[in-house]
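Student: got a structure for you, letters missing:
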């Protein structure tokens, strides 16, 4: 009998959370869209769920979604497009064959930091090295609003990330009922 996660993602068998983690590394060449390459990698390899372990390199453009503010633009989505030379200081996020949500922080030559959710147009200005980890027993599935949520094999909504990988989280009231 297929688990709830397997029935949603079509991937199986589902392994216990945290077991047999697999790491993949690849280089994104100059001139390519970093977010698109990562997204395509997840799609082409039909990843049920993965996270960005590391990304080092530099970019010359990036479009970010900034945190909405109730005081500015009526709480609507704010975006910022970076142009110039920026080093990637941090990058994290979850991805699967169907969903990608990656946030990053960049620094310019003056040490000024910018960050937010990557929306696209992240043009590599030098090579970028990316390491991702596939999370067995975890899937990235849509919530009621269609937004990506991380679900563990035991049908519990989870906040498993690098810091809490493999730890069972209490079921959320919004979690789907087992069939």
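Tutor: Sure thing, it's come through. Predicted, not measured: the structure shown is a model, and the values here were computed from it.
Student: Show me what the lengthiest helix in the chain is packed against.
Tutor: Using DSSP state H, we find that the single longest helix of the chain is helix 34-44. Contacts defined by 3 or more Cβ pairs under 8 Å, 6 or more residues apart in numbering; DSSP states H and E place helix 34-44 against strand 22-28, strand 50-56, strand 78-95, strand 100-107, strand 113-124, strand 128-134. All C-beta atoms are positioned from the backbone trio N, CA, C, and that covers glycine.
Student: Mind doing that once more with 10 Å?
Tutor: strand 22-28, strand 50-56, strand 58-66, strand 78-95, strand 100-107, strand 113-124, strand 128-134 (3 or more Cβ pairs under 10 Å, 6 or more residues apart in numbering; DSSP states H and E).
Student: could you dump these to JSON lines with mean neighbour count, distance to residue 149 and mean pLDDT?
Tutor: Shown next, in JSON lines, are the helices and strands packed on helix 34-44 (neighbours: other Cβ atoms under 10 Å; distance: least, Cβ to Cβ, whole Å; pLDDT from 0 to 100):
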{"stretch": "strand 22-28", "mean neighbour count": "13", "distance to residue 149": "22", "mean pLDDT": "90"}
{"stretch": "strand 50-56", "mean neighbour count": "19", "distance to residue 149": "14", "mean pLDDT": "93"}
{"stretch": "strand 58-66", "mean neighbour count": "19", "distance to residue 149": "18", "mean pLDDT": "95"}
{"stretch": "strand 78-95", "mean neighbour count": "17", "distance to residue 149": "9", "mean pLDDT": "94"}
{"stretch": "strand 100-107", "mean neighbour count": "19", "distance to residue 149": "10", "mean pLDDT": "94"}
{"stretch": "strand 113-124", "mean neighbour count": "18", "distance to residue 149": "15", "mean pLDDT": "95"}
{"stretch": "strand 128-134", "mean neighbour count": "19", "distance to residue 149": "18", "mean pLDDT": "93"}
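Student: so who does residue 111 touch?
Tutor: 87, 89 (Cβ atoms under 10 Å, 6 or more residues apart in numbering).
Student: Tell me the secondary structure at it.
Tutor: In three-state terms, and counting by DSSP: H, G, I helix; E, B strand; the rest coil, residue 111 is coil.
Student: picking up where we left off before, tabulate the helices and strands packed on helix 34-44 (a markdown table), appending distance to residue 35.
Tutor: A markdown table is the format used below for the helices and strands packed on helix 34-44 (distance: least, Cβ to Cβ, whole Å):
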| stretch | distance to residue 35 |
| --- | --- |
| strand 22-28 | 10 |
| strand 50-56 | 10 |
| strand 58-66 | 8 |
| strand 78-95 | 10 |
| strand 100-107 | 7 |
| strand 113-124 | 5 |
| strand 128-134 | 11 |
